[in-house]
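>>> next come a sequence and a model predicted from it.
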Amino acid sequence: MLFYPEDAVVPEEMRTDEFLLRPLRASDVEIDYAAVMDSKDMLHIMSQSSWPSDDFTADMNRRDLERHEKEHDERTAFTYTVLDPTESTCLGCVYINHLKEGPMKRDYAAILRFWIRQSYLEGDLDRRLLESLIDWFRNEWAFSHVVLIIADADERQNQIVSDLNLQLVYAYGNKWSGYIIKSAE
């Protein structure tokens, strides 16, 4: 299965009055690490894992960022950092990977996951980010299909998709659910 059309442009950024998305780079290690550690409990729920562990270090984070940057450059996955407008504070991340299983599996199909720093959730920045992501994928990306994947245990993101009336397209047992963001059908 093909991930992203070879001749299609990969958007460099998305900018609003509240945030900027741009490719995550290894040089973002300090601000990214601060956001990850600020959101550790939430990230455990989102990832359904123990990442980041209590002993997670900035050096371990740098290696993760180097991998994400390499994947982006090679067009095998795309990871964007969510920054404040001054680009001095990391507010979260957006992950775009190949959709390799499930009923929406086809050429140029992607899964989307995202998180916003725990200290910014009270102002519903995560909701506004998702609304912006929906428009961004529908208008600027060449994917045929994009499915938002959410952990069933993530009550906050599940409430947001319910409020936005996103269509559930499949569930992975009692662990993950997928909601359609963009469909060529």
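Thanks, I have the structure now.
>>> the closest residue in space to I150 that isn't next to it in sequence: what's it in contact with?
Computed as Cβ to Cβ, 6 or more residues apart in numbering, the closest residue to I150 that is not its neighbour in sequence is Q157, at 4.6 Å. Placement of C-beta: from N, CA and C, glycine included. Taking Cβ atoms under 8 Å, 6 or more residues apart in numbering, we find Q157 in contact with 46, 126, 150-151.
>>> low-scoring stretches of this structure, by residue?
Confidence mapping of the chain against pLDDT under 70 gives the ranges 185.
>>> if you set the cut-off to 80 instead, what comes out?
Low-confidence regions of the chain, defined here as pLDDT under 80, cover residues 1, 101-104, 173-174, 184-185.
>>> could you pull out the strands for it?
14-15, 20-23, 78-83, 90-98, 109-116, 145-151, 168-172, 176-183 (DSSP state E).
>>> one step back: from N174, how far out is the residue nearest to I150?
Applying Cβ to Cβ, to the nearest Å, one obtains 16 Å for the distance of Q157 from N174.
>>> same deal with L43?
Note on L43: its distance to N174, by Cβ to Cβ, is 20 Å.
>>> for L129, which non-adjacent residue is spatially closest?
What sits nearest to L129 in space, not counting adjacent residues and going by Cβ to Cβ, 6+ apart, is I116, at 6.0 Å.
>>> what's near enough to touch the nearest residue to T89 once chain neighbours are set aside?
Counting by Cβ to Cβ, 6+ apart, the nearest residue to T89 once its immediate chain neighbours are dropped is I31, at 6.2 Å. I31 sits next to 81, 83, 88-90 when contact means Cβ under 8 Å, 6+ apart.
>>> which of the residues you listed count as buried?
81, 83, 89-90 (16 or more other Cβ atoms under 10 Å).
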